[in-house]
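Trainee: Mind folding the following:
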Amino acid sequence: SAGSTFFLDFISSMIRGLRSHRTHILRTGAVFSRSLSSKGSEGIVECDTCVVGGGLVGVFTALSLSRQSKSNRVTLVEQFEPGHENGSSHGDGRIFRYAYPVKEYIDLAQKARVGWCDLEEKAGEKLLVGEGGLDIGPQHSPRIQAMLKMLSAQQVPHEVLAPGQLEAKFPQFSLRKGEISIYQKDAAVTRATPAIKA
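Mentor: Residues are numbered from 1 along each chain as shown. Predicted coordinates:
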């Protein structure tokens, strides 16, 4: 499909970028295992940092690490071909959100938002689109309560929509007894294909 082709081209260009930053790409599997056991020239690679997994997160992590220091020798290890469909780094849409019950995830999302804005500027188009995000669940759920606590503590704009308020804003939804909804205006859908081109 066109999305898979764009993804494969994107990963290939990222790998070329990694190689230009002194990053080794190792493909594991039978061939690599044999070279390890025979201790050939490809069998042992010395590095300062090893990133396991060559999906979007792994590739961007390796690229970021290699850009931080020219002396940092980064190795990216991937067991399948670039752009494979065996993991979660394929398809045409991902959710960008702040609604997590864990502070560290919200911290990462806040930092990532800056990177997305930079990428949007480079691309000359919106890559995060939508009208926000909505989480619905039992009012007294530990997860919902932790999420509300973290959103407030991290100063993430959000609002709790009670019955009636939710239906007025989103008529396609309704709350059952004992449920609440949390709306975050800055949550979005990532436009994967244009993001890959950027």
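Trainee: Which residue is the nearest non-sequential neighbour of residue 103?
Mentor: Distances taken as C-beta to C-beta, 6 or more residues apart in numbering place residue 150 nearest to residue 103, at 5.7 Å, with adjacent residues excluded. C-beta coordinates here come from the backbone N, C-alpha and C atoms, glycine included.
Trainee: Run through who's touching the helix or strand hosting the one you found.
Mentor: In this assignment (DSSP states H and E), residue 150 forms part of helix 142-153. The list of residues contacting helix 142-153 from outside it, by C-beta atoms under 8 Å, 6 or more residues apart in numbering, reads 98-103, 106, 135, 137-138, 156, 158, 160, 180, 182, 184.
Trainee: Next step: the residues you listed restricted to helices.
Mentor: Among those, the subset assigned to helices under DSSP state H consists of 103, 106.
Trainee: Name the residues of stretch 96-114 that come out as buried.
Mentor: Going by neighbour count (16 or more other C-beta atoms under 10 Å), the buried part of stretch 96-114 is 96, 97, 98, 99, 100, 101, 106, 109.
Trainee: Can you tell me the number of residues neighbouring the spatially closest residue to the fourth one that is not a sequence neighbour?
Mentor: Leaving aside its chain neighbours, residue 99 sits nearest to residue 135 (5.0 Å; criterion: C-beta to C-beta, 6+ apart). Neighbouring residues of residue 135 were enumerated by other C-beta atoms under 10 Å; the total is 19.
Trainee: Equivalent analysis for residue 170, please.
Mentor: Burial measure for residue 170: 16 neighbouring residues, criterion other C-beta under 10 Å.
Trainee: just to revisit the earlier point, taking the buried residues of stretch 96-114 one by one, which sit in strands?
Mentor: Among the buried residues of stretch 96-114, the members found in strands (DSSP state E) are residue 96.
Trainee: now, the most widely separated pair of the buried residues of stretch 96-114?
Mentor: When the buried residues of stretch 96-114 are compared pair by pair using C-beta to C-beta, the two farthest from each other are 96 and 101, 17.1 Å apart.
Trainee: Quick check: the gap between residue 75 and residue 67.
Mentor: If you measure residue 75 against residue 67 using C-beta to C-beta, to the nearest Å, the figure is 15 Å.
Trainee: what about the two, which has more around it?
Mentor: For residue 75 against residue 67, the residue with the higher neighbour count under other C-beta under 10 Å is residue 75, and the figures read 19 against 14.
Trainee: Make sure the more buried one is indeed in a strand.
Mentor: Yes: under DSSP: H, G, I helix; E, B strand; the rest coil, residue 75 sits within a strand.
Trainee: What strand or helix carries residue 119?
Mentor: Here residue 119 is covered by helix 103-123, with elements defined by DSSP H and E.
Trainee: Apologies, that question was intended for residue 51.
Mentor: For residue 51, the host element (DSSP H and E) is strand 49-52.
Trainee: Quick one: low-confidence residue ranges for the protein.
Mentor: Of all residues in the chain, those with pLDDT under 70 make up the ranges 1-45, 56, 59-60, 81-85, 87-93, 192-198.
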